[in-house]
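Q: From the sequence below, what's the structure:
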Amino acid sequence: MADALVIFKPDSSHRLATRAAVWDWLSSERDWKIEGLGWFQPPRSLIEVHYDFLEGRPFFAWLVRFMSSLPLLVGRISASAATLEELRFELGETRIAESRPGSLRERYGIGGGVNVLHLSDSPESGAKETALWSDHVDLDRIEVEMAGGGGAPDHTWHLRSLAAQYAAGVHKDAAARAMGALLREESDLDAAGFDALVGVILGAFD
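A: Sure thing, here's the model as predicted:
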């Protein structure tokens, strides 16, 4: 068995229906086991090291903000190499437009790097990532009891359409306002946290 790091990105940590769907998938524990899960707000320095292979890319500064602006659900699972490959298949490709139909990212990802979940892509990366993050957060204990989505709506398809308009500069201000209204319905964040969520999601499409 190997370790893999799991991070609910801001769009699944704080969109309630999406969080519930991802949790339902992970907690089925068909051929894997959740070893730890808890809330943690990563410092910028940790995200910079975690994604150091992307440093220099045009989206790197946004990615660091995206992953450090809010508390996230962070955990560890144990799985065989074959099961980890299956999990990655079920999660879907990184780019939403290329994600396999029915995958988690195809169903719940908004676009760009707003793609639901980080999951180590191999036993080797899992060992490296869990070693890095375990210096900052306890990956050996389940510290949260996940509830359902509380009846919150899932506006993924509408958000995806609006994000495409925003990115293309078509009705940009109206699209941003509409995205904010839909995200408000999906989230239970306080005002400051919600403003941060909207900011980092829109930032993916600027």
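
Q: got a list of contacts for the helix ranked longest in the chain?
A: Once the chain is assigned using DSSP state H, the helix that runs over the most residues is helix 172-186. With contacts defined as C-beta atoms under 8 Å, 6 or more residues apart in numbering, helix 172-186 is touched by 15-18, 152-155, 158-159, 162-163, 165-166, 194, 197-198, 201-202. For every residue, glycine as well, the C-beta is placed using N, CA and C.

Q: how does it look with 6 Å?
A: Residues outside helix 172-186 that contact it (C-beta atoms under 6 Å, 6 or more residues apart in numbering) are 15, 152-153, 155, 158-159, 162, 165-166, 198, 202.

Q: gap between the spatially closest residue to residue 60 that is not a sequence neighbour and residue 4?
A: Spatial nearest neighbour of residue 60, excluding adjacent residues (C-beta to C-beta, 6 or more residues apart in numbering): residue 54 at 5.4 Å. Look at residue 54 and residue 4: by C-beta to C-beta, to the nearest Å, they are 19 Å apart.

Q: so which one among the contacts of helix 172-186 has the lowest pLDDT?
A: Least confident entry in the contacts of helix 172-186, by pLDDT: residue 152, with 91.

Q: any idea how far the spatially most distant residue from the centre of the chain lies from residue 96?
A: Taking C-alpha atoms, centre = their mean, the residue of the chain most remote from its mean C-alpha position is residue 171, at 26.9 Å. Using C-beta to C-beta, residue 171 is found at 21 Å from residue 96.

Q: likewise residue 140?
A: Residue 140 is 32 Å from residue 96, where distance means C-beta to C-beta.

Q: More neighbours: these two, which one.
A: Just comparing residue 140 and residue 96: by other C-beta atoms under 10 Å the higher neighbour count belongs to residue 96, 23 against 11.

Q: pLDDT value on the more buried one, please?
A: For residue 96, the model assigns a pLDDT of 93.

Q: Quick check: closest non-adjacent residue to it.
A: Spatial nearest neighbour of residue 96, chain neighbours left out: residue 109 (4.1 Å); criterion: C-beta to C-beta, 6+ apart.

Q: And residue 1, by the same measure?
A: Spatially, and ignoring its direct neighbours in sequence, residue 1 is nearest to residue 78 (4.6 Å; C-beta to C-beta, 6+ apart).

Q: cool, residue 69 as well?
A: Counting by C-beta to C-beta, 6+ apart, residue 69 lies nearest to residue 196, which is 4.7 Å off, once chain neighbours are set aside.

Q: pLDDT at that neighbour, what is it?
A: Reading off the confidence values, residue 196 has pLDDT 98.

Q: Would you mind pulling the contact partners of the helix or strand where it lies?
A: Assigned by DSSP states H and E, residue 196 falls within helix 191-203. Helix 191-203 is contacted by residues 10, 14, 62, 65-66, 69-70, 114, 176, 180, 183 when judged by C-beta under 6 Å, 6+ apart.
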